[in-house]
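J.: model this:
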Amino acid sequence: MRHRAEQSGSIPRDRTEPEWFASALSRHGGIIRKVAWTYCRSAEDRADLTQEILAQVIAASDRYDRDRPFATWLYRIALNVAIGQVRAVYRQARVMVPLEDSHSGIAAEPVDHERREARAALDAAMLELDPYNRALLLLYLDERSQREIADIMGLSPSNVGTKIARLKRHLRGSLGLVEPEGDDA
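T.: Numbers count the residues shown, from 1 in each chain. So this is what the prediction gives:
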């Protein structure tokens, strides 16, 4: 059991609580940054969201099941907190605006002009999505498996596949990348 837990990204049972928790957060902290970048436009809002996610993660740390991947558990909390904050903002009738800059703070390599424009268009299209679909797209773009997305979002893997296919079709239309229906030749 211990070997499987180490391979899956969860933390072995024989570590003390502060050690495993700090180690896991250190290894998977990028998840929190990605979620904050996806849901917040300003540095202050990202810092607030990051702090709230960390507070919720700490509060829920005793409920973490070490037989399951830590990254999946962390994504679930981070996305739930982010979606909750977006819903609160909508209730206050504040309007989300596109990010000023692409996610270049996360990416290690510089992007070319065409790629930057494409990413800006994707960012704008993502901001048009409801928080739930934005979370699905974020997980898909982060190359998470359908099974992992299903675990994080509380869906079946087949439902995830269907929703992602619909999201792709919607995004193609939003970005003007609609493919022809069929071949008439």
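
J.: which ones are touching the residue lying closest to Ile31 once chain neighbours are set aside?
T.: The shortest distance from Ile31 to any non-neighbouring residue, by CB to CB, 6 or more residues apart in numbering, is to Leu74 (5.2 Å). Using the backbone N, CA and C atoms, a C-beta is placed for each residue, glycine as well. Shown in contact with Leu74 (CB atoms under 8 Å, 6 or more residues apart in numbering): Ala24, Leu25, His28, Ile31, Ile32, Val57.

J.: what number of residues lie near the nearest residue to the last one once chain neighbours are set aside?
T.: Leaving aside its sequence neighbours, Val57 sits nearest to Ile77 (CB to CB, 6+ apart; 5.4 Å). With neighbours defined by other CB atoms under 10 Å, the count for Ile77 comes to 22.

J.: the one 4 residues further on now?
T.: Other residues within reach of Val81 by the criterion other CB under 10 Å amount to 22.

J.: do Gly173 as well
T.: Gly173: 12 surrounding residues under other CB under 10 Å.

J.: assign a three-state SS to it, would you?
T.: Using DSSP: H, G, I helix; E, B strand; the rest coil, the structure places Gly173 in helix.

J.: per-residue pLDDT of it, please?
T.: With respect to pLDDT, Gly173 scores 85.

J.: and Tyr39, by the same measure?
T.: Value listed for Tyr39 in the pLDDT field: 86.

J.: for the one 3 residues further on, same thing?
T.: You'll see Ser42 listed with a pLDDT of 86.

J.: if we can go back for a sec, name the helix or strand for the residue nearest to Ile31, please.
T.: Following DSSP states H and E, one finds Leu74 within helix 70-91.

J.: give me the below-cutoff pLDDT ranges for this protein.
T.: The chain contains residues with pLDDT under 70 at 1-17, 89-113, 178-185.

J.: can you tell me the centre-most residue of it?
T.: By CA atoms, centre = their mean, the mean C-alpha position of the chain lies nearest to Leu138, the distance being 4.2 Å.

J.: shouldn't that one be in contact with Val35?
T.: Yes - between Leu138 and Val35 a contact is recorded at 7.0 Å, counting by CB atoms under 8 Å.

J.: okay, and the common contacts of these two?
T.: Common contacts of Leu138 and Val35 (CB under 8 Å, 6+ apart): Leu79.

J.: is the residue nearest to the centre of the chain within a helix or a strand, and which one?
T.: Leu138 belongs to helix 131-141, assigned by DSSP H and E.

J.: next SSE downstream of that helix?
T.: helix 146-153.
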